[in-house]
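J.: Need coordinates for the below:
(chains A and B)
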Amino acid sequence: MTIRLNGEPVELEPGASVIDAVAHTGADGSARGVAVAVEGEVVPRGEWERTELREGQSVEVVGAIQGG
Amino acid sequence: MERATSERMGARAGSRGEGFELGGRTWRSRLIVGSGGFRSLEQMEAALTASETEIVTVALRRVDPAARGSVLELVDRLGLFALPNTAGCYTARDAIRTAQLAREAFETDWLKLEVIGDDRTLLPDAVELVAAAETLVADGFTVLPYTNDDPILARRLEDIGCTAVMPLGSPIGSGMGIRNPYNIEIITSRAGVPVILDAGIGTASDAALAMELGCDGVLLASSVSRAQDPVSMARAMRAGVEAGLEARRAGRIPRRRHAEASTPDAGVPDLG
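T.: Numbering: from 1, shown residues only, chains lettered A, B, ... in the order given. This next block holds a predicted model:
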């Protein structure tokens, strides 16, 4: 299954969930400061594990950087 | 003499000792520091400590696995409050989505709302800003909008329910100071919410002027993070904010076109 993860095509196992996508970015998903949007909609941390991804979906995984 | 001394001390306690109310919380520092532009996390830590700030802005971007260290860990370790911003958003829609991500990531509904019009001026887009603020306030966010030095727009943002208004002194990162002090003073004289001068500060006298104009606080980033010596500049900004606040409270003398002697004319000796 191919999704777009932070703008890049990424191959994940069929049935992969949001938590797998987070792990793929190298982000520490257990730490505060990371958030996920699938197709532009925020997925709360508590739902990462049970939110399955589908072919072609766009997933953004964001974290804190210096700014402002 | 004794009385004068105690009055002076009272004035000092007034500027440093009492808290500053923002968003239902009391803060000791009126200086908010942006985390952008520092050359290293070590330098940021030293400057934040020297500034005595309690609120530090942070931004959200795609996770970069190669990034070294975490700004959020640093802010947490120093016991400071991380205020997420929506830097880089050009539309209300982008800003609202970024705000929702920030609330999830940082577990706070506080937000520095930035909706800019173009990447050359980084000036706020008033129409998109008001639209985003309306939606976010209704959604329970504590909205601190970066806005133009426009008294009418500031009032609109306050009417919507923003927690503060944050007019710019001049464009972000320009270091041009406060280009329209008259407008800033109109904003501070009419606002029912805290006014925080945001953007354009170049040096400590700009921060002092913001407070003399009646602002409740100052938000700055580049002027400290890109100074040759960020730690010294952080200390200078802290002192500037305190000096400006105390001068405002002290009540300055009116400006006059001609001199007014402070020494009496009576009793001048005739020296031939």
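J.: which residues touch the strand or helix carrying residue B:127?
T.: If you go by DSSP states H and E, residue B:127 is part of helix B:126-138. Defining contact as CB atoms under 8 Å, 6 or more residues apart in numbering or on different chains, one finds that helix B:126-138 is touched by B:86, B:89-92, B:95-96, B:99, B:111, B:113, B:115, B:117, B:143, B:145, B:147-148, B:150, B:153, B:156-157, B:160-162. Yep, even glycine has a C-beta here, placed from its N, CA and C like the rest.
J.: In the stretch 51-200 of chain B, what residue lies closest to chain A?
T.: Of all residues in the stretch 51-200 of chain B, the one sitting closest to chain A is residue B:59 (2.7 Å; CB to the nearest CB).
J.: Buried residues of stretch B:72-92, list them for me.
T.: B:72, B:74-75, B:80-89, B:92 (16 or more other CB atoms under 10 Å in any protein chain shown).
J.: and what of stretch B:98-114?
T.: Buried residues in stretch B:98-114 (16+ other CB under 10 Å): B:98-106, B:109-114.
J.: burial of residue A:20, as a residue count?
T.: Residues near residue A:20, counting by other CB atoms under 10 Å in any protein chain shown, number 19.
J.: was I right about residue B:82 contacting residue B:56?
T.: Yes - contact criterion CB atoms under 8 Å: residue B:82 and residue B:56 qualify, at 6.0 Å.
J.: Find the residues that touch each one of those two.
T.: residue B:75.
J.: quick one: residue B:22 and chain A, what's the gap?
T.: 16 Å (CB to the nearest CB, to the nearest Å).
J.: Looking at that residue now. What's its pLDDT?
T.: With respect to pLDDT, residue B:22 scores 95.
J.: how much space between it and residue B:194?
T.: Distance of residue B:22 to residue B:194, computed by CB to CB, to the nearest Å: 5 Å.
J.: quick one: which of the two has more around it?
T.: The residue with more neighbours, out of residue B:22 and residue B:194, is residue B:22; 22 against 19, by other CB under 10 Å.
J.: And the biggest strand by length in chain B, what does it pack against?
T.: For chain B, the strand that runs over the most residues, judged by DSSP state E, is strand B:55-62. Applying 3 or more CB pairs under 8 Å, 6 or more residues apart in numbering or on different chains; DSSP states H and E, one finds that strand B:55-62 contacts strand A:58-66, strand B:31-34, helix B:71-77, strand B:81-84, helix B:92-106.
J.: Alpha carbons of that strand, as PDB, please.
T.: Output in PDB follows, covering the C-alpha atoms of strand B:55-62 (Å, rounded to 0.1, in the frame of the first residue of the first chain):
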ATOM      1  CA  ILE B  55       6.500  32.200  27.400                       C
ATOM      2  CA  VAL B  56       8.300  31.000  24.300                       C
ATOM      3  CA  THR B  57       6.800  30.600  20.900                       C
ATOM      4  CA  VAL B  58       7.300  27.400  18.800                       C
ATOM      5  CA  ALA B  59       6.300  26.400  15.300                       C
ATOM      6  CA  LEU B  60       5.000  23.200  13.700                       C
ATOM      7  CA  ARG B  61       6.600  21.700  10.700                       C
ATOM      8  CA  ARG B  62       6.900  18.300   9.100                       C
END
